[in-house]
Structure formats: C-alpha cells, structure tokens
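Visitor: heads up, no residue letters with this:
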C-alpha cells in the first residue's frame, strides 16, 4: 500500500518534470523547427511538413548589408570578442584574487572593500562616459571598443579572492617547505584546485558576454565588427520579410553556448552548489 | 630590498590590472557622468552649455521617467512572486526525483543560456497575429489577446519571458540550499507535520529563507536594468507600459543625442536602484528576523 502510494507520487513527479522542462525548452524547439521549415510555412505551422536547410544556406551566402556573408563574419566576431574577454576576465580575476587573498600588502584590505562597492554599482550610469572615453582613445568602431571595457570582471575577482582565501595555509606552507617557489605554488596547487570554480566563472562570463546587447550596440557601427547578437537585433527590421533566416540566425547564436554548457554541465552544477551552499 | 618591500611591490603589481581598470572605466567615467548630468550637450558639437540642475528638474517632470519608475515596480510586483514560485517549484521537483535529476536540471537551466534578442524574436513569432497559437485561440475561444498592442498584455509578455529565462537559474540557488539542509529536519517534520502542504509552509519554506533572500535581491536588481526584451519587442510601448530606465537612457543619449540629459536620467536610475534594493533588503531582513534568521 505504502509502496504503491510512493510509486504513484514518484510517477506524478516525473510527469510534472517532463511537462515543466518541455515548457522550458519549447521556445528553443520552436526556433529550430521554424529555422528548418520551408519559407511558406514559417510562423504558419508548428510542425513543418518537410525540413529544409534553405534558411541557413540563404543566411550564410546572402545578406543585404552590402558586405558578403555578414552573418558568418558576425559569428566570428562574437567568438573573438567573447573569447578574448572571457580569457582576460578569468586571468585577471585569478591574478588579482591571488594578490588580495594571499599576499600581505598595505592597501589589500582597502581594495577589497572597494570591490564590494564596485560590484553592486549600477553600471548604466557609466555607459555614456565610457562611450566618450572609447571615442577619445580613438577606439570607436573597433574590436577593442567592445573588448577593453569588459576585460575585467569584478565578480570574477571576488570569486577567486574568496576561493583562494578558503584554502588551508598548511597546504601551501608544506609546498613551500619542499622548496616550491611562489610561481610553483600558484600554478601547481592553487590553479589546479580551482578548476571547478574556473568552469563556473568562465561559463557564466562567456554566456553573459556572448549575449551582451547594449554596449556592443553602442561601441561599433560597421557591419564588419558587429557581434551576432547585435546584428540579429539590428537586422530584425530589414530582415522582417525573411523570418526563416532570422530563426536560423537565432539557432546559430544559441547553439555555441548550449554546446559549451552541455559539455561542462556536471562540473558547472557542482561548482554552483559549492558557491551557493 | 627587504621581504616586506618585496610583498608590497608584488601585491600592487598583481592588483594593478584591477586598479588601472577601475581608474579608466570606473573613476573617470563616474566623475564625468556627474559633470555631464549638469550639461546640455549633443555628444558632437564643441559647445556645451552648463545647465546645473536643469536636466534633473526636466527629468523629474518627464512622463517617460515616471513611466520607467512605475514600470520597475510593476515588473517587480509581477516578477517576484512568479519567479520565486517557479524556481522553488523546479528545485523541489528536481530534488524529489530519485533518478535523472541532473538532466532535468539541465533542461530547466537551458533558458538562462538564451540571448534576449533571440528569445524575443521567437516570442514575437509565436504570438504573431497569424501564427498557430493565435489561430488556435481564435478557433477555441473566439478571440486572441492583443499581445503586444495592449499595455497589460505587453507587460505580461515581457515579465513571463524574463521569468522563463531566470527561473531555472534561481532554481539552482534553491537546489543548493535544499541539499545543504540537515536530513534530521525532514525526518522530524515527517513525524510532526502530516500534510505535505503544511510541511512545505512550516518547515521547507522558512528554512529556504537565505536562498529566498539571495534570489529576491538578484531579481530586484534585474528589474531595474531591463533593456533587451522591450528594446526588441515593444520599444517601450504601448503607451509607455514597458518603458524602462535603460531604454530611456539609450534613446536620449544615442537617438536624440542628449548626452547631458541622459546622464541625469542615469543618475536618477542609480539612486532609484540603490533605494529599491535597500528597501527590498530591509523588508527581507525584517521578514527573516520574524522567522528567526539573523541578517
């Protein structure tokens, strides 16, 4: 009696989980189906009568921006900008985090309390002056305009500071007694032990950078520098008569982060649980 | 060089990327923003007129600013209960599954990876007048809602879209909290409180308070910075129902070229955000103390 009741309850949970997750991924599914639908069926049916790659072919060979294959170029730009910024944010995060948590120098405390203030500051107030600085530096409409203002993540510094501080001093002392220099301690002990944290930090930062709209919209104006996300937002009007390619572009925009996330999902979740414990 | 000096130099050297970044992209822009807020300037012309508090006064009399101000709270009142219910629900659901919890968590988390631009396009396609959803609604109920044409429905579309995106992410916060609760708690609760519903309200929900605090503060900050969804879907309309601070700043600075005025609006937004988050934190702390949590 009890076991049949429990089985019924578990069955109900699975049904709810299936329905709920179906609602979570439905817009993705709709997006993929529309991108593969014949053009006279896009936004007319949920299940296309047949599948075709016409939207993708058109997207990567055509285009109305005066630039050949703007979408391919935009995909490359997205990878370049997001990749460069994620690398920089992680590297600077670990570097500054190490300094703040493991090196005793005057000012470290002061910098750290400033970090907390900096992290919760509404960034919008800085966007117009940042735009002006980029223009005065002669960087407007370049890759650097998109990359530089986002090259340091205060959140990443905070995460690495907390993590490095939580490591037992004895472990590092033991290595030092064995004759390991500071560089060896960092590269052989601290960094390898922080791979889970690095996965979480890098994935979150890459994702956020990949889908950034407001800043990238302001920083460049040429089609040759635009990221995929910005091109999609900009092309929505002119391409309104070609909904199929817009869905295909959405799929191309979404796929890289989804693949990246699926590859690291286990480590991401365990790291996330560690952080929000 | 003494060891002491060695550490000093190395510490400052390793921290220098952050210090340099803070100087160029935080300190200088901050001072500049304050100065700009008192000026009338179109971003290009050499002449800039000092107007003092003129921009702030104008902003405080602008219906667009008040729309942004009110909409933030309208979004907050709709978004908070929705996203809290969804994320707690997802966390409890996934946690209750004997097997496969990981893969369901992945599915629920996927919306967070989406770009606001792409999902806004998809939603726009889904609720287009001749799209399957509306044709089905018309055939089944005789009408379909004026999704993006009516202020009420447009608000609902934007809020639901953002809740769809963030509930799987916030569910992870709840899941981490659920898993860190002691096993004895559930065993005692199972004996003392017979009904599952009562058990949730009297044992689970109060014990999840720290996670609720985190999610509430994150969600509040989020509602003060909505941009992408209204930018793509409604451009702030209809009748300013989905107009936000960020949209107003973007339009004023980069479409109307009123850099000074936009800076003043950004200042107001910063003050509103600080105040809004502080009030929410204060309310949450009070509520937490009532449940025996020390802030």
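Guide: That came in fine, so what should we check first? Every value quoted in this text rests on a predicted model; they were computed, and no experiment measured them.

Visitor: List the contacts of the residue in chain B positioned nearest to chain A.
Guide: Chain B approaches chain A most closely through residue B:11 (2.8 Å), counting by C-beta to the nearest C-beta. Heads up, the C-betas are built off the backbone N, CA and C, glycines and all. Contacts for residue B:11 (C-beta atoms under 8 Å, 6 or more residues apart in numbering or on different chains) come out as A:99, A:103, A:104, A:105, A:107, A:108.

Visitor: Relative to residue B:116, which of these is nearest.
Guide: residue A:99 (35.1 Å; C-beta to C-beta).

Visitor: pretty sure that closest one is in contact with residue A:108, am I right?
Guide: Yes: the criterion here is C-beta atoms under 8 Å, and residue A:99 meets it with residue A:108 at 7.1 Å.

Visitor: Name the residue of the stretch 101-250 of chain A that lies nearest to chain B.
Guide: For the stretch 101-250 of chain A, C-beta to the nearest C-beta, closest residue to chain B: residue A:105, 2.8 Å.

Visitor: and that residue, what pLDDT?
Guide: As predicted, residue A:105 sits at a pLDDT of 85.

Visitor: so what's it closest to, chain neighbours aside?
Guide: Of all residues not flanking residue A:105 in the chain, residue B:11 sits nearest, at 2.8 Å (C-beta to C-beta, 6 or more residues apart in numbering or on different chains).

Visitor: if I look at the one you found, how far off is residue B:188?
Guide: According to C-beta to C-beta, to the nearest Å, residue B:11 stands 50 Å off from residue B:188.

Visitor: give me phi/psi at residue 45?
Guide: Let's take chain A. When read as degrees, to the nearest 10, the backbone of residue A:45 gives phi -130, psi 160.

Visitor: that's the wrong chain, I wanted chain B
Guide: phi -60, psi 150.

Visitor: and what of the one 3 residues further on?
Guide: Residue B:48 adopts backbone torsions of phi -130, psi 130, taken as degrees, to the nearest 10.

Visitor: So what's the residue count around it?
Guide: 15 (other C-beta atoms under 10 Å in any protein chain shown).

Visitor: can you check residue A:56 too?
Guide: Neighbour number of residue A:56 under other C-beta under 10 Å is 19.

Visitor: so what's it closest to, chain neighbours aside?
Guide: Nearest to residue A:56 is residue A:248, by C-beta to C-beta, 6+ apart, at 4.8 Å.

Visitor: Let's see the pLDDT reported for that neighbour.
Guide: 93.

Visitor: And the one 3 residues further on, by the same measure?
Guide: We have a pLDDT of 95 for residue A:251.

Visitor: Same check on residue A:66?
Guide: 55.

Visitor: Give the residue spans of chain B that score low on pLDDT.
Guide: By pLDDT under 70, the low-scoring segments of chain B are B:1, B:294-295.

Visitor: Show me which helix runs longest in it.
Guide: Taking DSSP state H as the criterion, chain B has its longest helix at helix B:63-96.

Visitor: Show me what counts as buried in the helix or strand immediately after that one in the chain.
Guide: Downstream of helix B:63-96, the next assigned helix or strand under DSSP states H and E is helix B:101-113. If you call a residue buried by 16 or more other C-beta atoms under 10 Å in any protein chain shown, then helix B:101-113 has these buried ones: B:101, B:104, B:105, B:106, B:107, B:108, B:109, B:110, B:111, B:112, B:113.

Visitor: ok, residue B:289 - how many residues close by?
Guide: Neighbours of residue B:289 (other C-beta under 10 Å): 11.

Visitor: Got phi/psi on it?
Guide: Residue torsions, per degrees, to the nearest 10, at residue B:289 are phi -60, psi -40.

Visitor: And residue B:146, by the same measure?
Guide: phi -80, psi 70.

Visitor: Repeat that for residue B:39.
Guide: The phi/psi pair for residue B:39 (degrees, to the nearest 10) is phi -120, psi 160.

Visitor: mind listing what it touches?
Guide: Taking C-beta under 8 Å, 6+ apart as the test, what residue B:39 contacts is B:48, B:49, B:50, B:51, B:55, B:259, B:260.

Visitor: re earlier: identify, from the buried residues of helix B:101-113, the entry nearest to residue A:4.
Guide: residue B:101 (22.6 Å).

Visitor: correct me, but that closest one touches residue B:90?
Guide: No: using C-beta under 8 Å, residue B:101 is not in contact with residue B:90, being 10.8 Å away.

Visitor: can you list contacts of stretch B:226-240?
Guide: Contacts of stretch B:226-240 (C-beta under 8 Å, 6+ apart): A:213-214, A:233, A:236, B:63-64, B:67, B:71-72, B:75, B:115-117, B:120-121, B:123-124, B:148-151, B:154, B:157-158, B:161-162, B:241-244, B:246-248, B:250-251.

Visitor: Show me which of those residues are buried.
Guide: A:213-214, A:233, A:236, B:64, B:67, B:71-72, B:75, B:115-117, B:120-121, B:123-124, B:148, B:151, B:154, B:157-158, B:161-162, B:241-244, B:246-248, B:250-251.
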